Structure formats: structure tokens, C-alpha cells
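Student: Sequence and computational prediction follow.
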Amino acid sequence: MSQSSVAADTTVPVAATATIDWSKLQLSITGVNDTVPTVTFSGQNTSLSSYASSPGQYENNSKSINNWTDPKSANADAGTTFANALASTLNFSGDANAMQSGSASSSGTRTEQFTFDGPGVLTVTVPYTISLNGETSNYCYYCYNYDHASVSGSASFNSYVDNGSSSTHSNSSFSLHNYYGTPPSQSQSGTLVFGIFASGAGNGSLNVNFDLSAHSPVSSVPEPESYAMLLAGLGLMGAMVRRRGNNRNI
């Protein structure tokens, strides 16, 4: 019996986007005993990358800048239309748009160091928006496409004062995906929140990331003639079983 053939569904390529509104990043500082600590940021770095591929085409780009407070923007694009990562003083974003029978991805990481002369509490907030759109005529439950749109980040702080030490860590992440057949058409807005609790003066770091991946999936659906061949094979197996049973009765 020959191998079953497979028909490709008509698909709408998935598109993933993420925007971190850096212009609305806010700091909130609470001190102890009516004393308000100060925070100073330094050592900024932003890294961007993008990737896009389809049959016969491939492009991969990356860029890094060491001062996101510079009014100039940095851009890493793979064909621009298909994958793009952008960073500026006001914006930190990316998109990935899968080509037919192809895939695309983009990512970005923004980090910075800071000093905080606690004791006190430092809270950092920054708004985000993520989306994941696209659909297929017959969505494949077992096709692990791992399309996703995610934002994440972390903050850490260490203090060494009065012959002692303290440390604090804060993490935040949000993600949309189409794992295990979840329909990908989704969008979400919210806020990344990081909290630092300092028992004294010290040093810390903050990093914020986005990660996007989009594919143009092909669901495996047997063609009508494949069903006919399968039924014929099952009928043949049934006939052989009956024939063996009759031979035993002779």
C-alpha cells in the first residue's frame, strides 16, 4: 500500500507585534523616616535582531547601541515588511510577519545599570501592547508552530552596608501564543512592573525584552483518494483475518 499524500491548506500567515512605550516609563520612590532616596541610571545598552525566511529567501540582521537616551533611533530589519525591530528614546518595538510558506522573528533587549541610595522602595513601570493575528482554514492541533508575542523583564539590586548585605529581585512577563491549537488572533495591553526593596545604598540592573515569532503553517490533511486507499487497506486486512479464521476451522 503506497504512502498517503498530503494536501496543504490555504493559510493566512501569522503576524506578531510588540510595543513597549518607553516614553511612559515611570519611577516611583518611597523612602524611610521622611528621607527620599535618589536613583541614578547609567550604562544603557539596546540590542535588536530580526530574521525572515521563505523558500529561496533568507535575511538576518542585528544592531546594538550603547545609549538609548540618544535621540537617534536604531533599526534592525529583515526585509522591513517581514520582520523589524526598532528602538528610540520614545519607543521599543518589533514586528514579525510570516511570508507564505515561511517564517519571521524579531527580538530586542534593553538593559541599564543604576545606583540607589536606600533604604527605600523603587518601583519601575512601563506600558506594553502585544498582538498575535492570523488563522488557517483547518487549524492543525498537532502542528507545534510556537508562534508567539511576548514581553518580559527583570530588576535586581544588591546592597552591602553596616557589615551586612541584602538583595532583591523582581520579574514580570506576558505572552500570547498558539500552542496546541489555541487560535492565534489575540491582543493584550498592560504594564510591566518591577519593585526593588533596598535596606541600604547599592547597585542594581534593569532589563526589558520583547520576543516575536511568526510562521505560515501547513496543516496535514489527507486528500480524498488517501481516504479511499485507507478504506481499501482496512478491507483487505479484514478479508485476510476472515480467511485465516476459515482455514483454522477446516
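Tutor: Cool, the structure landed. For clarity, every value in this text was computed on a predicted model and none was experimentally measured.
Student: Give the rounded mean pLDDT of the host helix or strand of Phe197.
Tutor: Phe197 is part of strand 186-198, with elements assigned from DSSP states H and E. Averaging pLDDT along strand 186-198 gives 95.
Student: Other residues contacting that strand?
Tutor: For strand 186-198, contacts defined as CB atoms under 8 Å, 6 or more residues apart in numbering pick out 20, 37, 116, 118-133, 151-155, 157, 159, 166, 168, 170-172, 174, 176, 204, 206, 208. Any C-beta I mention is one placed from the backbone N, CA and C, and that applies to glycine too.
Student: I'd like to know which of those are buried.
Tutor: Buried subset of these (neighbour count, 16 or more other CB atoms under 10 Å): 20, 37, 116, 118-124, 126-133, 151-155, 157, 159, 166, 168, 170, 172, 174, 176, 204, 206, 208.
Student: In strands, which of those appear?
Tutor: Residues from the buried ones among the contacts of strand 186-198 lying in strands, with DSSP state E as the criterion: 20, 116, 120-124, 126-133, 151-155, 157, 159, 166, 168, 170, 172, 174, 176, 204, 206, 208.
Student: so how many other residues sit close to the closest residue to Ser150 other than its chain neighbours?
Tutor: Among residues not flanking Ser150 along the chain, Ser175 sits closest, at 3.7 Å (CB to CB, 6 or more residues apart in numbering). When neighbours are defined as other CB atoms under 10 Å, Ser175 has 15 of them.
Student: Was I right to think Ser175 contacts Tyr146?
Tutor: No - look at Ser175 against Tyr146 with CB atoms under 8 Å: they stay out of range, at 11.1 Å.
Student: Please, where are all the helices along the chain?
Tutor: Under the criterion DSSP state H, the chain contains helices at 224-249.
Student: Can you list the low-confidence ranges for it?
Tutor: Residue ranges of the chain with pLDDT under 70: 1-12, 135-145, 179-185, 217-250.
Student: can you pull the contacts of Thr35?
Tutor: Listed by CB under 8 Å, 6+ apart, the contact set of Thr35 reads Gly120.
Student: for it, which residues make a bridge with it?
Tutor: Here Thr35 sits in beta bridges with Val32, going by DSSP bridges.
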